[in-house]
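**Q** Using only what follows, build the 3D model:
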Amino acid sequence: ANRIGYPVMLKAASGGGGRGMRVIRSNEDLGSNFNSAKNEALNAFGDDTMFLEKYVENPKHIEVQIVADRHGNIRHLFERDCSVQRRHQKVVEVAPSYNVSQKVKDALYDYAVAITSEVNYNNIGTVEFLVDPQDNIYFIEVNPRIQVEHTVTEMVTGIDLVKTQIFIAGGYKLSDKQIKIYDQDSLATYGFALQCRLTTEDPENNFTPDYGDITTYRSASGMGIRLDAGSIYQGYKVSPFFDSMLVKVSAHGRTLDGAIRKMTRALREFRIRGVKTNIHFLQNVIQHETFINGKVTVNFIQNTPELFDIKLPQDRTSKALNFLAEVIVNGNSDVKFIDPNKKFREPIIPKYNRKDDFPKGTKDLLTELGPEKFSQWLKNDSKIHYTDTTMRDAHQSLLATRMRSFDMLKVAESFAKNHPNTFSVEMWGGATFDVCLRFLHESPWTRLRELRKAMPNILFQMLLRGSNGVGYKAYPDNLIEKFVEKSWENGIDIFRIFDSLNWVKAMEPSISYVRNKTGGLAEAALSYTGDILDVNETKYNLKYYTQLAKDLENAGAHIIAIKDMAGLLKPYAATELVAALKDAVDLPIHLHTHDTSSLQTATYLKAIEAGVDVVDVALGGLSGLTSQPNFNAVVEMMKNHERSHDFNIDKLNQFSNFWEDTREMYYPFESGLKAGTAEVFQHEIPGGQYSNLRPQAEALGLGDRFNEVKKMYAEVNKMFGNLIKVTPSSKVVGDMAIFMVTNNLTPEDVMRRGKELSFPESVINFFTGDLGQPTGGFPKELQRIILKDKKPYTDRPNAHLKPIDFDKEYKAFKKTYQKGFTRAIELEDFLSYTLYPKVFNDAHENYKKYGNIALIPTKNFFYGMQLQEETLVELQPGKTLIIKLLSVGIPNDEGKRIVFFKVNGENRYVEVLDTSLNIKKQENAKADPEDTNDIGAPLQGSLYKVLVKKGDTVKENDALFVIEAMKMETTVTAHKAGKIKSVSLSEGSMVMQDDLVMTIA
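**A** Residues are numbered from 1 along each chain as shown. Predicted coordinates for the structure are as follows:
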């Protein structure tokens, strides 16, 4: 090496394909690489003979194809450009070369013929050269065999090299009719051809080989496309013991541009699932300007990082099948019981004309008038207006917020075209935000955008918990501000802003955000509790509510909402309250209630007669009980009334029927309440909480003690000083009630034994001041008992929170979460993450595994499929999967079942672990990614050699062990100096990626 002069190339005498090759730049490099290169050559070729040659910096790799017979006739079949390489292994080859001068080409031909003539070479062979940037030519070697890339020469010359070599070996002359290669002048090239090698390698992970079962295989075809493959098919198992190449794809065209376009199309047509491939990396290579212009050198890949900006395949079909198979075998984890006799009716979508324009609605009016004038228009309009809560609070109250976007989108456009006179559709915010992510594995932002597209003419309304956003705690002010801004940009028009304790100070920032950052309406809500007609009510009386309304008007509200979250507002109280508010403020009044007692339609009648401007209703099929009063019935009630608002009642009934049939599919989430109950006036549980409180109690084994929970809820409310109970304060009361029933505690026990009790976190946070300050303050003695030594604060909790650094934190978030994600990460995703970090992370992982499961029909989403059942999954307009379940196999030794489907006429299968079998799989311990002392295997393969032992001292970059996979060796080095504390695995062990091999102390 010293005689030749560094840099040098270390090569295996018996091989190629990059195996056993290393660039050596110093004596140290030679020492550390020589043995690994020898071992790699021995594994690949059975011969570890090595040689050294001079290394040429940044050349092109050009090779000349030679054909020679046994009669002294030698011809060249022109050249191939093989410069696109990684680790000296060719990736893409082109014939003929381009951007190489004819002078250089002629010299290469002459050298190739001269070299092979000198040794009386016969048969097929390749003479390989390097051409440096100054057009200096360096001879590398002669490969006395057919080359992997011979295909491109065959395509541009029309000569079958495989057949030719056989006839030459049989003694025929080149000029014989069997071969028909005459003099050199009779040979020419036609157009351009390029070849890509499709491998099971992960380019984004240093081209780590991947192996496993190929679950889908579809190849390309068409004019000018050639495939050279072995036995690759659906169900083929890619082994770690052989080369990673699956198939060679070659494309031929009259022009280079034509050949590249054909290759691009062919690569796009390929569908290989189950293992990672380099297909999208190859697309980046052949579409890169450097490649197209012929300026590629052997360092192209290592010097062009943008080649690794790979757009991941969506793989939507495989992911949809994975999800369906998981539910078929293991069920949906959110569904706690299934009635095997349950039958579902197919909901009928009310008719509408897709081609018709959307009729003008309230959204158009807001755009035309602006918020201030719109508010006055609403106040001055004599008709009663209706907000439809079916898509938010109705299913939150009845079905534990489980309604899926799939069902909403079925009827959204039809509703918007049939009922454009609806004041607003409440369809976002509140509990729907986190349930979307947590249980339905949907993006709430996608739901908002898609519904907005389907209903562009009606106002969209959301529920905003003031300083709590759509969460259960306080968040930094600038986070709430950005959330409001983005909610408006994505489609929200009315922001119903409330505070769980009616604390105006906590609502003022959100009202200002709506006014300053959006063109929407700030609807400030006063949450109603108690009974203003009760002469003994001194806390939440009429004076309290009228003053609260004035304060909200002064804060900038466009509309005042009465949020009767538990349905406690009685008819005659509604008359008093609405009339008083109309006198107190110059704003429209919007009334929201829950029909838990079955009394609230009468409340609406009295409120309407008193002058309320808008009431919240739900379509019949999702109305009543803990939901809102019946939309259809209220419209009928108001017929011929002076404030009547015309609606097509027949159409309303059709929508009610749709939701009634749809509701059947959500039966596991029903609250269990069969009829209205006057108990609500005692326990005051909000309607939106009731359907969640029962499952919460059942999950803790308190299903048969739910009546005790309800009574304790009322007791806790008294203990806490008679609170406004709405999310999240209602959750605090509910958590404490369940805590006390679980532990058989009375209020007296809490006061007596409080110091030794570990209270729920939500209760501690509440008494700390994290939700704000309740009217009249906290019960001091109870606060002291619950907080123990913790000090509370009395100002806005948001004031204690550090602002979000959006530039820095979003950038870091995007870097982390974009990896492996098939759609672009957006700022909206970051907002979801900052509100619910763990929930977002789980939903994100679910999306990577199963894709957009919001597209799966609801019946299949919750209950899977029956044998021979067929379902449709519309991935996008014009692309629908017709999926049929064929069979579910028996479990293998690992507890996995094979689920067979037919998808658009083709058989597919998915392997699923049956979790009910509880089979424990023997696995090596994993390296902890957070522990820098753990050294794990970077890829799956064989632990070929362990180079250190326990107690050895190592320096940074010292070699530790060697992984061998697909005949390629990877040496793992120490990332820091230290002492080997333990070696977990021995030589010859099969390892999976991230298996713990050793630790450094």
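**Q** how near is the residue positioned nearest the centre of the chain to Leu526?
**A** Closest residue to the average C-alpha location of the chain: Tyr847 at 3.5 Å, with Cα atoms, centre = their mean. Distance of Tyr847 to Leu526, given as Cβ to Cβ, to the nearest Å: 39 Å. C-beta here means a position set from N, CA and C on the backbone, and glycine is covered the same way.
**Q** Check Val514 too.
**A** The separation that Val514 has from Leu526, given Cβ to Cβ, amounts to 17 Å.
**Q** next one: Met263
**A** On the measure of Cβ to Cβ, Met263 and Leu526 end up 66 Å apart.
**Q** out of Val514 and Leu526, which sits in the busier spot?
**A** Higher neighbour count among Val514 and Leu526: Val514, with 29 against 26, using other Cβ atoms under 10 Å.
**Q** Where does the more buried one fall, secondary structure wise?
**A** In this assignment (DSSP states H and E), Val514 forms part of helix 504-517.
**Q** same for the helix or strand that comes right after that helix, what does it pack against?
**A** Reading on from helix 504-517 to the C-terminus, the next helix or strand found by DSSP H and E is strand 521-527. Under the contact definition 3 or more Cβ pairs under 8 Å, 6 or more residues apart in numbering; DSSP states H and E, strand 521-527 sits against helix 362-380, strand 494-497, helix 504-517, helix 542-554, strand 559-564.
**Q** which residues does Pro877 contact?
**A** If you count contacts by Cβ atoms under 8 Å, 6 or more residues apart in numbering, Pro877 has none.
**Q** Show residues contacting the strand or helix carrying Ser36.
**A** Using DSSP H and E, Ser36 sits in helix 27-45. Residues outside helix 27-45 that contact it (Cβ under 8 Å, 6+ apart) are 1-2, 10, 12-15, 17, 19-24, 47-50, 944-945, 959, 962, 964, 967-969, 971.
**Q** out of these, which are inside strands?
**A** 10, 12, 22-24, 50, 944-945, 959, 962, 964, 968-969, 971 (DSSP state E).
**Q** Can you list the low-confidence ranges for the stretch 251-400 of the chain?
**A** Within the stretch 251-400 of the chain, the set of residues satisfying pLDDT under 70 is empty.
**Q** any idea where the helices of it begin and end?
**A** Here the stretch 251-400 of the chain has its helices, by DSSP state H, counting those that start in this stretch, at 256-269, 279-286, 289-292, 316-330, 362-380, 395-398.
**Q** This structure - how does it break down into domains?
**A** 8-53, 57-304, 316-331+864-917, 680-800, 806-851, 934-1000 (automatic domain parsing).
**Q** burial count for Asn541?
**A** Quick note: Asn541 (other Cβ under 10 Å) scores 16 neighbours.
**Q** Same check on Thr290?
**A** Counted with other Cβ under 10 Å, Thr290 comes out at 15.
**Q** For it, give its distance to Val56.
**A** Applying Cβ to Cβ to Thr290 and Val56 gives a distance of 19 Å.
**Q** ok, now Val91?
**A** 19 Å.
**Q** Comparing those two, which residue is more hemmed in?
**A** Legend: neighbour count by other Cβ under 10 Å for Val91 and Val56, higher for Val91 (23 against 19).
**Q** rewinding a little: in PyMOL, how would I select the buried members of the contacts of helix 27-45?
**A** PyMOL command restricting the contacts of helix 27-45 to the buried ones, with burial defined by 16 or more other Cβ atoms under 10 Å:
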select buried, resi 10+12+14+15+17+19+20+21+22+24+48+50+944+945+959+962+964+967+968+969+971
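**Q** Least confident of the ones in strands among the contacts of helix 27-45?
**A** Ranked by pLDDT, the ones in strands among the contacts of helix 27-45 bottom out at Met968 (70).
**Q** Report the contact partners of that residue.
**A** Taking Cβ under 8 Å, 6+ apart, we find Met968 in contact with 19, 40, 209.
**Q** can you rerun that using 10 Å?
**A** 17-20, 40, 43-44, 87, 89, 201, 207-209, 243-244, 939, 941 (Cβ atoms under 10 Å, 6 or more residues apart in numbering).
**Q** Equivalent analysis for Ala633, please.
**A** 601, 604, 617, 620, 623-624, 649, 652, 656.
**Q** Show the buried residues in those residues.
**A** 601, 604, 617, 620, 623-624, 652, 656.
**Q** just curious, which of those residues is nearest to Arg753?
**A** Nearest to Arg753 among these: Gly624, at 42.1 Å, using Cβ to Cβ.
**Q** so what's that closest one closest to, chain neighbours aside?
**A** Asp595 (5.1 Å; Cβ to Cβ, 6 or more residues apart in numbering).
**Q** If I follow the layout properly, the one you found ends up in contact with Leu622?
**A** No. Using Cβ atoms under 10 Å, Asp595 is not in contact with Leu622, being 11.4 Å away.
**Q** ok, the closest residue to Ala965 other than its chain neighbours - contacts?
**A** Using Cβ to Cβ, 6+ apart and skipping residues adjacent in sequence, the residue nearest Ala965 is Gly941, 3.0 Å away. By Cβ under 10 Å, 6+ apart, the contact set of Gly941 is 208-209, 211, 240-241, 962-966, 968-970, 990-993.
**Q** Please list only the buried members of those.
**A** Here, 16+ other Cβ under 10 Å leaves 208-209, 211, 240, 962-966, 968-970, 991, 993 buried among the contacts of Gly941.
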